[in-house]
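Asker: Below: sequence and its predicted model.
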Amino acid sequence: MSSRETILQRLRNRSGGELTAPECDFSVLERPDWSTSERIALFEKAIESVHGEVHHCSNDNWLDRLAEVLSTRGVRNLLIPREHEIGLKLRSVAEREDLPNLLIYDEPIESWQPALFNDVDAGITSTRGGIAETGSLILWPTADEPRLMSLVPPVHVAVLYASELYTTFRDAMTAQNWAAGMPTNALLISGPSKTADIEQTLAYGVHGPKELIVLIIE
Amino acid sequence: MSETAEHSPHHIDVKEFHPRAKAAIHNPKIRRNFRKAMDGLMTKRKSAFEGWDLETLRDLGANIRLRALANLPDLLEQLEQKLTENGVKVHWALDGDEACRIVRDICKARDAKTVIKGKSMVSEEMELNHYLEEQGIEALESDLGEYIVQLADETPSHIIMPAIHKNTDEISKLLHEKTGTDLSHDVEYLTASARLQLREKFMNADVGVSGVNFAVAETGTLCLVENEGNGRMTTTVPPCHIAVTGIEKVVPNLEDVTALLALLTRSATGQHITTYFNMISGPRKPDELDGPEEVHLVLVDNGRSSIYQDDELLDTLRCIRCGACMNHCPVYTRVGGHTYGTTYPGPIGKILMPHLIGLDEGRHLPSASSLCGACGEVCPVKIPIPDLLVRLRQESVDGDKLHPAKVRGHGAKRSAVEAMIWKGWSWMHAHPGAYRFGTNMAARFRKLQPGQIGGWTQYRTAPKLAPKTLHERMKERGQ
């Protein structure tokens, strides 16, 4: 008998007899119906408490804010999506002097891994919304915005539409019907990479980005 | 080396608990490091739950875990089916050795030479690193704490904070000796050095091995909770990802994860959420540009299906590995994680390890507790840890006639003399004449009572028998 069958058989022929499943009441996770501005305030407070940086923008000025944020950090280049409107918009103003060099992640990682790891200063991605209660960004990496875009460069800039800010994680997954099917990789990102493994002293940027910058578009 | 000792980390003899405890208690550095960390973690947990109806949330956590366990075989099959549909290969292992062989075979098939690891307590349970090294495959830990512990050739002393027993000075010296970094107390510098060293390793690793915090059956999703990003690196950069997990980690729905995640991170480190909550449902699709081309899940039993048989012991399997029980344990805080000599230290280790290594080997574990109850009070899924400790104490002496002992190695602490004394005791209490005679005699000859009674008087004075029995005094009062 295979290990699989042995394990399943042991579990099925439980000597204590069949177990009854208790009811699960999730209402303790429910929160009041906060307004968008309340959700923004909550999100901002939560993500700033873990070293995330929030900038309030509009559709008209987010590029200016981005340029400002990147130039104060001396960012030399920025990894952008190719097809997403964020990428399109950036490419349409690529000649702006206050913007860094724009790079596109359009080849499999194997062909340019050392460059991504060593030479890219920042990456910008879209989000599938955010979670106010915990200050989290929802990312579903795609072919256009691969997984490592939000992980390898030292600075991660994420664009979040205020209208897509949910109150709780549960609200977000219900509204977007995650149970119907998940992508190969989905993420909640709440702040820059951090560790407290050395005597509980917080240090940022241990493996992932040292800085997380959120542009909230209202 | 005895056979059982091989199941303990780095071949520490679990039975030698008392000498290790004594040494730890007299080591001011250990005491200081743990006390500082545990005090901090307790405070953080408390403030993280402010504003929550914590009891109701813990009830929900317990019910979610119990519901999952009630349908465990079906859920495992559903998980396997969904993951297979998603392109993930599922393997089953009866014990740690089989799980190690499965990982080795996947590595060999890919001609893999180096494995990079995200934090996984199940892989510690399997002693995977040593096994792979023996097979000529380099296994490198990438979680900063695990990396430090591995450089020191030690084992984790805490399930969430593996290197909590070391202070900055010790870590600085260790990194200096092993990796050539400068001696420094600047944690930012030390962290940045480790980042550079490990980035090279991520790029060159052939296989990434990670644990799993929750496995969701309805969508075939493996969830990983972490702060550093090493878990994401491990599961994204190498061309092959192998996740290892205990069979109890499966839950039916994604919704279940929302409550368990809320409980886990707050209970563990007092965080509202960790930096990354990584949900993996399959390997890289043809049009995707990164992610592993192969994903495997190894479902490890290693004693869990035996625990599953008993209604009371089953509660052990609710655990979501937050470590709150050890953070709040007065014994753990004073003796530290290494004293236990087991993969999982502290209260959860005391109720889990006897099943994994046998009660003969782990005979001292259930007794290494004052039964103060703190662990049970903070457990996010309401595992009645103190009750389970008492149950295992009974099993270790075969002390409950009504409920036959079940745990492997039960009766290991049974002493014929002690058993006889209790037998006499119970006979005497069932026979009033003998009881009166016995207590009378004891009162008359109380001067003959020995001043030293073995272990009892090691830290206490011996109790003195009263000159008159209770019956006599009651009679006097009545007159």
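Answerer: Sure, I can see it.

Asker: Report whether stretch B:302-319 contacts chain A.
Answerer: Yes. Stretch B:302-319 comes into contact with chain A (Cβ under 8 Å from any Cβ of the partner chain), by way of B:Ser305, B:Ser306, B:Tyr308, B:Gln309, B:Asp310, B:Asp311, B:Leu314. Quick note: C-beta positions are derived from backbone N, CA and C, even for glycine.

Asker: Check which residues of that stretch are buried.
Answerer: B:302-310, B:313-319 (16 or more other Cβ atoms under 10 Å in any protein chain shown).

Asker: Pull the most distant pair out of the residues you listed.
Answerer: Taking Cβ to Cβ as the measure, the buried residues of stretch B:302-319 span a maximum distance of 18.0 Å, between B:Asn302 and B:Asp315.

Asker: Closest residue of chain A to chain B?
Answerer: A:Gly208 (2.9 Å; Cβ to the nearest Cβ).

Asker: what's near enough to touch that residue?
Answerer: Contacts for A:Gly208 (Cβ atoms under 8 Å, 6 or more residues apart in numbering or on different chains) come out as A:Ser150, A:Leu151, A:Val152, A:His156, A:Pro192, A:Ser193, B:Glu228, B:Gly229, B:Arg232, B:Met233, B:Thr275, B:Tyr276.

Asker: pLDDT added to those residues, as JSON lines?
Answerer: Below are the contacts of A:Gly208 laid out as JSON lines (pLDDT from 0 to 100):
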{"residue": "A:Ser150", "pLDDT": "98"}
{"residue": "A:Leu151", "pLDDT": "98"}
{"residue": "A:Val152", "pLDDT": "97"}
{"residue": "A:His156", "pLDDT": "98"}
{"residue": "A:Pro192", "pLDDT": "98"}
{"residue": "A:Ser193", "pLDDT": "97"}
{"residue": "B:Glu228", "pLDDT": "97"}
{"residue": "B:Gly229", "pLDDT": "97"}
{"residue": "B:Arg232", "pLDDT": "98"}
{"residue": "B:Met233", "pLDDT": "98"}
{"residue": "B:Thr275", "pLDDT": "98"}
{"residue": "B:Tyr276", "pLDDT": "98"}
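
Asker: Could you list which of the residues you listed belong to helices?
Answerer: Those of these mapping onto helices are B:Arg232, B:Met233, per DSSP state H.

Asker: Considering the contacts of A:Gly208, which is situated nearest to A:Ala21?
Answerer: The closest of those, once distances to A:Ala21 are taken by Cβ to Cβ, is B:Tyr276, at 30.8 Å.

Asker: Not counting sequence-adjacent ones, nearest residue to the closest one?
Answerer: B:Glu226 (5.2 Å; Cβ to Cβ, 6 or more residues apart in numbering or on different chains).

Asker: Specify the local secondary structure of B:Val407.
Answerer: Of the three states, B:Val407 takes coil under DSSP: H, G, I helix; E, B strand; the rest coil.

Asker: Run a quick neighbour tally on it.
Answerer: By the criterion of other Cβ atoms under 10 Å in any protein chain shown, B:Val407 has 23 neighbours.

Asker: ok, it to chain A distance?
Answerer: To chain A, B:Val407 is 13 Å away according to Cβ to the nearest Cβ, to the nearest Å.

Asker: State the pLDDT value of the nearest residue to B:Lys406 once chain neighbours are set aside.
Answerer: Among residues not flanking B:Lys406 along the chain, B:Asp310 sits closest, at 5.8 Å (Cβ to Cβ, 6+ apart). Reported pLDDT at B:Asp310 in the predicted model: 96.

Asker: Quick one: residues contacting B:Asp310.
Answerer: Taking Cβ under 8 Å, 6+ apart as the test, what B:Asp310 contacts is A:Ser15, A:Gly16, B:Lys406.

Asker: list the contacts for the closest residue to chain A within the stretch 151-300 of chain B?
Answerer: Per Cβ to the nearest Cβ, B:Gly229 is where the stretch 151-300 of chain B lies closest to chain A, at 2.9 Å. Taking Cβ under 8 Å, 6+ apart, we find B:Gly229 in contact with A:Leu151, A:Ser193, A:Val206, A:His207, A:Gly208, A:Pro209, B:Thr275, B:Tyr276.

Asker: Just give me the closest of the buried residues of stretch B:302-319 to B:Met203.
Answerer: B:Asn302 (32.6 Å).

Asker: my guess is the closest one contacts B:Glu248, does it?
Answerer: No. Counting by Cβ atoms under 8 Å, B:Asn302 stays clear of B:Glu248, with 10.6 Å between them.

Asker: Please identify the buried residues of the helix or strand where B:Lys350 lies?
Answerer: Applying DSSP states H and E as the criterion places B:Lys350 in helix B:346-357. Neighbour counts using 16+ other Cβ under 10 Å place B:Gly346, B:Pro347, B:Ile348, B:Gly349, B:Lys350, B:Ile351, B:Leu352, B:Met353, B:Pro354, B:His355, B:Leu356, B:Ile357 of helix B:346-357 among the buried residues.

Asker: What's the first helix or strand after that helix?
Answerer: Downstream of helix B:346-357 (by DSSP H and E), the next one is helix B:374-378.

Asker: quick check: angle from the following helix or strand past that next one to helix B:346-357?
Answerer: As assigned by DSSP H and E, the chain's next helix or strand after helix B:374-378 is helix B:385-396. Put simply, helix B:385-396 runs at 40 degrees to helix B:346-357, going by axes from the mean of the first three to the mean of the last three Cα atoms, to 10 degrees.

Asker: quick revisit: is the helix holding B:Lys350 in proximity to chain A?
Answerer: No. Using Cβ under 8 Å from any Cβ, helix B:346-357 stays clear of chain A, with a minimum separation of 13.5 Å.

Asker: Check which helices and strands that helix sits against.
Answerer: Where contact means 3 or more Cβ pairs under 8 Å, 6 or more residues apart in numbering or on different chains; DSSP states H and E, helix B:346-357 is packed against helix B:304-307, helix B:324-327, helix B:330-335, helix B:374-378, helix B:385-396.

Asker: Now render those helices as CSV, adding mean pLDDT.
Answerer: Converted to CSV, these look like this (pLDDT from 0 to 100):
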stretch, mean pLDDT
helix B:304-307, 97
helix B:324-327, 98
helix B:330-335, 97
helix B:374-378, 98
helix B:385-396, 97
